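Asker: Any chance you could fold what I've pasted below:
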Amino acid sequence: MSAIPPSRTASVAEPRRVSAALRQKSRIAEQENRPDSKASSVRKGSTTTTETRTERRTVDERLIKRTRSPLKPTEANGSNGRKSRDAPERPRRAEEVRQEEASSQAQTTTWSPQATLLPPSSSAPLASRISIPPLSQHAPASVQPPSLAGLDLQRQETALIEDLLFVLMGIEGQYVRFVESYNPLDEKSRYIGPAFKIASGLDPSLRDLASGMLKTATQYAALEVFVETMGREECGTVNHALCAAMRKLLKDYLILIAQLEHQSLTNDGFTLHQMNLHLKPTGHMMTQLYSLAQEVLKENSMLGDLLEDDADQSDEFENILESLREGRDTAIPGKKTCKGGAVLRLIARRLQSSAGDPTASQLLQTLLREASRPYMRMLNEWLHHGNVQDPHSEFLIKEQKSIRREGLQQDYTDEYWEKRYTIRPELVPPHLEGVKERVLLAGKYLNVVRECGGITDKNRDLSNSAEVPHTFSDARFLENVSHAYAFANRSLMTLLLTTHGLPARLKSLKHYFFLDRSDFFSYFLELSASELRKPAKHVNAAKLQSLLEIVLRQPGSVAAEDPFKEDVKVTMSDTGLTGWLMRVVNVQGMDTDASSLSIAYAGGQGSVGGGKDEKEISGYEALTLDYAVPFPLSLIISRNTLTRYQLLFRYLLSLRHLEVLLTQSWMEHTKAPAWIYKAKRGTANSNEVAMARKVESWKRRAWCLRARMLCFVQQLLYFCTSEVIEPNWNGFMGRLSQAEEAERGGNVEVHGEQAKDHAVNKTEKEGVAKRTVDELMQDHVDFLATCLKECMLTNSKLLRINSKVMSTCTLFANYTSSLSRYLASLATPSPDNSAAPAYDPAKLDKLFSILQQYEDHFSRHLKILLDALNYLAATETVVFLGLCARLSMANEGGAGGGPAGPAAYE
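Answerer: Numbering: from 1, shown residues only. Predicted coordinates:
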């Protein structure tokens with residue numbers, strides 16, 4: 001329509017009068033120039049031919065110019081030029097006629113608007129390809145119509161009605177034209193719509209009536225551009241459906257214009273006032289459509305008058321990367337986009353604000369119903385098949401296809417479950433705002449079941465199915481979401497608990513990582529002791545793996561009957577436990593995000609917070625276990641949760657290893673000659689007796705320190721296993737068994753079409769009461785987080801103090817053999833070997849100094865630990881009160897510890 005010429009001719013009878021006058025003048029001139037009869041007869045024949053050609057040319061020119069341009073054309077032929085009636089007619093020379101013809105032809109050439117077919121430049125299938133016509137303001141003055149001031153009222157009304165019929169379709173008329181500021185080549189001007197002006201000289205009453213109708217003309221032209229723009233492929237299917245609904249309404253509008261034209265041609269009593277009354281209801285509809293289109297364009301930043309909001313640059317960057325990975329084109333006019341759920345949200349908001357206008361409400365309800373159909377197709381596909389069919393990124397669920405389940409074994413952040421499918425908050429329609437989490441979980445659950453081959457009707461066509469709703473106005477809309485969520489949850493819970501045996505997997509993890517019934521592990525530590533004493537970088541992991549497999553296959557071992565023993569692997573960490581935990585706690589905390597776990601587990605550049613350097617850690621400190629978990633159990637036992645299992649395992653292993661070292665120290669204290677030798681009374685002088693008593697006092701202090709350390713380690717190990725892990729484990733397994741029983745006895749039919757209302761309500765109630773997969777995952781994470789917290793592995797202060805106490809105990813246990821040698825070197829036997837050995841006082845004083853340092857370090861750090869535990873028991877958790885009571889036993893005796901102190905050994 002935009003290619004129709006901008007104006008029309010004022011009269012079609014005038015060329016006939018001009019043609020007749022020119023023919024008469026031509027005959028007179030030929031008779032005067034050629035007087036002979038023969039020439040006269042020739043001139044008659046020539047005149048007849050000229051008249052015939054002139055008449056034919058005039059008719060052709062009138063038809064062509066009526067079709068190409070409604071403006072009054074300048075006469076192309078000099079013989080057809082219009083002449084003033086008052087001027088005297090005189091013969092014209094052939095040279096003047098040729099000059100006038102050339103001048104007329106040149107003027108006609110400069111104003112000959114033609115419509116051309118442009119090459120395709122838009123992805124919209126119904127976009128116009130006709131060139132934009134020139135504006136009437138650029139037309140020469142010779143083709144302008146007569147002034148309205150010279151016409152009477154009736155002729156003005158007739159001319160104005162004829163113009164308005166064109167203007168209402170976006171075409172300029174003779175007296176109603178675009179304003180000078182309108183530029184049809186400017187995108188923003190076309191989106192807003194052209195403003196029209198009426199020529200001067202029109203009656204004021206007619207001008208007032210016409211001015212109201214010109215708004216409708218502006219809105220129609222803008223809507224035509226909007227439908228063409230938003231019909232492009234990258235704008236999304238929701239915008240396409242909205243444009244299709246608008247196109248139907250615009251078609252009805254054009255039918256009304258055609259009916260008004262028919263009235264103007266056939267009804268002599270048709271007036272401008274009647275035309276205005278006929279356009280009133282349609283004008284209201286066009287106003288609603290125009291305001292909606294303008295709001296959509298503003299949200300797409302196509303009008304350029306919106307302030308740019310602060311957007312999440314990282315999220316925008318991720319969207320661009322994802323689009324590039326998938327090979328999609330992200331280009332769309334403007335920086336912001338309004339498509340999909342955002343368009344539905346906009347229409348719903350306008351529908352809510354127009355509650356007092358029944359006509360506008362009905363119109364917006366129609367638009368919302370039609371625009372929501374493609375969105376509902378995507379929603380049904382997600383709810384019932386677990387697929388995201390969203391090529392234009394307009395659905396509320398965002399799929400990151402680059403995150404695949406093959407990377408679950410290296411996923412320390414639960415990226416597959418948390419980031420593979422996420423919600424786009426800006427694309428959630430108001431109808432789904434309250435159930436968006438259920439929509440997300442239903443599709444995620446069903447997607448897992450589908451990947452495991454648990455869906456049999458995945459090829460079912462839902463687009464034409466009567467079982468599912470297809471618009472938001474359907475009464476079964478929310479019921480469809482609830483049913484799909486209940487079915488998906490039930491299917492995945494059955495798959496996890498029954499098909500893949502999740503409880504048995506968890507019990508297997510407890511045996512290996514929490515050292516439950518760990519006779520096999522004690523045997524493994526004995527076999528690999530020589531290898532584990534080496535520095536971590538020199539340990540042969542393959543040898544340790546073979547030793548573990550031998551131990552696990554021992555017929556008498558409790559692990560021999562475990563069907564999952566093949567999934568246990570030995571790995572060596574490059575980072576000490578304390579450094580790893582301190583890095584995690586200092587960066588983000590244990591319960592917020594485990595992203596730093598991957599950094600620490602992959603091997604950092606050094607321990608933090610008092611731990612040893614990674615080059616110095618032994619095989620015992622670097623030893624950890626790994627566990628292979630198949631899909632879909634890897635969603636519950638993810639790499640993130642498995643890392644928490646490994647942290648607890650390494651902590652328990654350090655306590656168990658320290659207990660073994662102190663036990664070996666006790667064995668040496670009871671068997672080494674230097675420790676069991678006692679000087680006999682009466683066999684030495686008083687000085688030697690005093691020295692011997694001093695040595696015995698030192699031994700008793702060393703034994704007491706060893707006993708305190710062993711008490712500390714045993715009480716701490718007992719607390720972590722029996723008072724932290726075991727009760728929390730029983731609670732977690734109790735919730736898991738409840739979910740398993742609910743799945744066995746609570747089968748709910750969720751796809752019955754003829755279900756009554758009370759049956760549907762019962763189904764929904766049961767679905768809410770049943771345990772969900774996400775609740776199960778959260779229970780598992782909470783269980784591990786509670787164990788880590790109550791084992792003092794998430795508080796940086798407790799972690800540092802506990803690490804220092806255990807380091808002191810380890811140094812003392814490892815130094816026992818050195819103390820034995822030093823104790824043996826104190827005594828120098830007498831020459832006759834009959835008397836008691838003589839002790840070197842200097843060496844004895846040094847021995848007391850060494851022991852005093854161990855006592856001071858252990859007592860001081862243990863007291864700080866007890867004070868910190870008492871404070872945390874009063875402020876955070878009362879679980880630490882029991883640990884304080886147990887560890888206070890290790891603080892009795894020694895330097896500043898009990899009521900007697902070191903003097904008790906004198």
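Asker: in the protein, which spans are strands?
Answerer: 176-178, 196-198, 397-399, 421-423, 568-572, 623-627, 827-828, 838-839 (DSSP state E).
Asker: Turn those strands into a markdown table, including mean pLDDT and mean neighbour count.
Answerer: Glycine gets a C-beta too; all of them are placed from N, C-alpha and C. Converted to a markdown table, the strands of the chain look like this (pLDDT from 0 to 100; neighbours: other C-beta atoms under 10 Å):
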| stretch | mean pLDDT | mean neighbour count |
| --- | --- | --- |
| strand 176-178 | 92 | 23 |
| strand 196-198 | 92 | 19 |
| strand 397-399 | 89 | 20 |
| strand 421-423 | 89 | 17 |
| strand 568-572 | 91 | 17 |
| strand 623-627 | 91 | 19 |
| strand 827-828 | 53 | 16 |
| strand 838-839 | 58 | 18 |
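Asker: need the longest helix for the chain.
Answerer: Using DSSP state H, we find that the single longest helix of the chain is helix 841-875.
Asker: Could you list every helix and strand in contact with that one?
Answerer: Helix 841-875 makes packing contacts with helix 686-718, helix 796-814, helix 816-824, helix 879-887 when contacts are defined by 3 or more C-beta pairs under 8 Å, 6 or more residues apart in numbering; DSSP states H and E.
Asker: What's the mean pLDDT across that helix?
Answerer: Helix 841-875 shows a mean pLDDT of 86.
Asker: re the thing from before, which one of the helices and strands packed on helix 841-875 has the lowest average pLDDT?
Answerer: helix 816-824 (a mean of 70).
Asker: still on that earlier bit, CSV please, covering the strands of the chain and showing distance to residue 891.
Answerer: Shown next, in CSV, are the strands of the chain (distance: least, C-beta to C-beta, whole Å):
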stretch, distance to residue 891
strand 176-178, 95
strand 196-198, 95
strand 397-399, 56
strand 421-423, 51
strand 568-572, 36
strand 623-627, 31
strand 827-828, 33
strand 838-839, 32
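Asker: Can you say which of the ones you listed is nearest to residue 481?
Answerer: The closest of those to residue 481 is strand 397-399. By C-beta to C-beta, the value is 12.9 Å.
Asker: now that closest one: how far from the chain's centre is it?
Answerer: 6 Å (C-alpha atoms, centre = their mean, to the nearest Å).
Asker: Stretch 531-546 now?
Answerer: Distance of stretch 531-546 from its chain centroid, counting by C-alpha atoms, centre = their mean, is 44 Å.
Asker: Which one, of the helices and strands packed on helix 841-875, ends up nearest to residue 189?
Answerer: Closest of those to residue 189 is helix 796-814, at 63.3 Å (criterion: C-beta to C-beta).
Asker: what's the distance between that closest one and the middle of its chain?
Answerer: Counting by C-alpha atoms, centre = their mean, helix 796-814 comes out at 45 Å from the chain centroid.
Asker: Would you mark the buried spots in that helix?
Answerer: Residues 798-810, 812-813 are the ones in helix 796-814 that count as buried (16 or more other C-beta atoms under 10 Å).
Asker: In contact with residue 192: list those residues for me.
Answerer: Neighbour list for residue 192: 222, 294, 303 [criterion: C-beta atoms under 8 Å, 6 or more residues apart in numbering].
Asker: Quickly note the distance from it to residue 360.
Answerer: Relative to residue 360, residue 192 is positioned 21 Å away (C-beta to C-beta, to the nearest Å).
Asker: Give the buried residues for the longest helix of the chain.
Answerer: Neighbour counts over helix 841-875 (16+ other C-beta under 10 Å) mark 844, 847, 850-851, 854-855, 857-859, 861-862, 864-866, 868-869, 872-873 as buried.
Asker: need the helices for the stretch 301-450 of the chain, in chain order.
Answerer: 313-326, 341-353, 358-385, 415-419, 436-451 (DSSP state H, counting those that start in this stretch).
Asker: again with the stretch 551-700 of the chain
Answerer: Counting by DSSP H, counting those that start in this stretch, the stretch 551-700 of the chain has helices at residues 577-587, 595-601, 619-622, 633-636, 639-671, 673-676, 686-718.
Asker: Same list as before, the ones you listed that is, but in CSV and with distance to residue 570 included.
Answerer: What follows is these, written out as CSV (distance: least, C-beta to C-beta, whole Å):
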stretch, distance to residue 570
helix 577-587, 16
helix 595-601, 15
helix 619-622, 11
helix 633-636, 20
helix 639-671, 12
helix 673-676, 37
helix 686-718, 22
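Asker: Can you say which of those helices is nearest to residue 167?
Answerer: helix 595-601 (63.0 Å).
Asker: which sections of the stretch 501-650 of the chain are below the confidence cut-off?
Answerer: Low-confidence segments of the stretch 501-650 of the chain, defined by pLDDT under 70: 586-615.
Asker: ok, now the stretch 101-250 of the chain?
Answerer: For the stretch 101-250 of the chain (pLDDT under 70), the answer is 101-110.
Asker: That one: helices as residue ranges?
Answerer: For the stretch 101-250 of the chain, the helices defined by DSSP H, counting those that start in this stretch cover 153-167, 187-192, 204-230, 237-266.
Asker: in the second one, what counts as buried?
Answerer: Pointing back at helix 187-192 there. Result for helix 187-192 [16+ other C-beta under 10 Å]: buried residues 189, 190, 191, 192.
Asker: and if you look at the longest one?
Answerer: Taking 16+ other C-beta under 10 Å as the neighbour-count basis, helix 237-266 is seen to contain the buried residues 237-243, 245-246, 249-250, 253, 257, 260-261, 264.
Asker: Among the residues you listed, find me the one that's closest to residue 543.
Answerer: Of all the buried residues of helix 237-266, residue 543 sits closest to residue 237, with 60.8 Å by C-beta to C-beta.
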